[in-house]
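# this is a predicted model, with the sequence first.
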Amino acid sequence: MARDADWSGLFEELGKHPERVNLPRIGNRSGFAPLHQAAWHGADFAVVSRLLAHGAWRTQRARDGRRAVDVARQQGHTHLLDLLEPVVVRRLPSPPEMLEHRFHSLLWERVGPCFEETEHLLPPLAPLTEGPAVEIVFTVFGLMGGVTYRLEENHLYVHIHSRMDADDGEHYRVTPEGWSKIASPRVPPPPPPAP
């Protein structure tokens with residue numbers, strides 16, 4: 001729908017499936033997510049604002065490395081440039097490119113066969129910088145689940161989970177130096193009230 005600039009259809013779909021706001025179309029060679037498409041088409045300010053309100057990532061890159069702001073600039077849609085310019089609220093542990101490399105290495109190690117079956121664009125870390133407490137769920141086709149990740153004080157927390165898990169899945173701490181498995185950080189439920 002975003003490819004065809006069908007904004008009302010897109011927002012109807014996002015109303016049912018809000019988690020799809022940053023998903024590139026399956027089989028799409030460009031890797032454009034809806035915000036990239038809006039930038040390409042020069043959508044109205046209101047459409048782009050609404051995508052951002054739905055959680056679209058300004059820092060998300062297409063396969064060729066372009067962000068939505070880069071696409072808008074190349075297409076001459078200057079009315080969108082200020083709105084699409086990424087705003088960094090948090091920094092990734094340094095060096096960020098090494099942290100992302102370690103994160104992707106972990107994913108290949110733990111769920112790589114799923115990537116061989118169905119091509120995935122590996123999830124970026126840059127969107128974690130767009131808010132103070134961003135948590136991202138990356139659906140992995142073939143896993144019957146996915147990967148949830150968020151930025152902690154000085155590392156990346158990663159939870160690999162599947163509906164087929166008899167337990168809570170696997171939990172990892174990722175730094176620019178490497179990754180290690182950790183115990184589940186789940187907080188136990190509070191005790192029942194005293195009689």
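In hand now; what should we look at? Numbers count the residues shown, from 1 in each chain.
# run a quick neighbour tally on Glu100.
Glu100 has 19 neighbouring residues, counting by other C-beta atoms under 10 Å. Just so you know, the C-beta spots here come from the backbone N, C-alpha and C atoms, and that holds for glycine as well.
# before we move on, what about the one 5 residues further on?
Close neighbours of Ser105, defined as other C-beta under 10 Å, add up to 14.
# didn't it look like it was pressed against Pro176?
No: counting by C-beta atoms under 8 Å, Ser105 does not reach Pro176; the two are 11.6 Å apart.
# mind listing what Arg63 touches?
Neighbour list for Arg63: 29-31, 121 [criterion: C-beta atoms under 8 Å, 6 or more residues apart in numbering].
# which residues of the protein score low on pLDDT?
25-28, 165-166, 186-195 (pLDDT under 70).
# these two touch, right, Tyr157 and Arg173?
Yes: here Tyr157 reaches Arg173: they are 6.6 Å apart, a contact under C-beta under 8 Å.
# could I get the full set of strands for the protein?
135-140, 145-151, 156-162, 170-175, 178-182 (DSSP state E).
# could I get these as TSV with mean neighbour count?
Below are the strands of the chain laid out as TSV (neighbours: other C-beta atoms under 10 Å):
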stretch	mean neighbour count
strand 135-140	16
strand 145-151	20
strand 156-162	20
strand 170-175	19
strand 178-182	14
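# can you put these in a markdown table and add distance to Arg63?
Listed next are the strands of the chain as a markdown table, based on distance: least, C-beta to C-beta, whole Å:
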| stretch | distance to Arg63 |
| --- | --- |
| strand 135-140 | 16 |
| strand 145-151 | 20 |
| strand 156-162 | 23 |
| strand 170-175 | 23 |
| strand 178-182 | 25 |
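# of all the ones you listed, which one comes closest to Gly65?
Across the strands of the chain, Gly65 has its closest neighbour in strand 135-140 (19.1 Å, C-beta to C-beta).
# got the buried residues for stretch 117-132?
120, 123-130 (16 or more other C-beta atoms under 10 Å).
# from Gly146, how far out is His77?
As judged by C-beta to C-beta, to the nearest Å, His77 and Gly146 stand 33 Å apart.
# Glu19 now?
Distance from Glu19 to Gly146, by C-beta to C-beta: 10 Å.
# now Gly112
15 Å.
# and Gly15, by the same measure?
21 Å.
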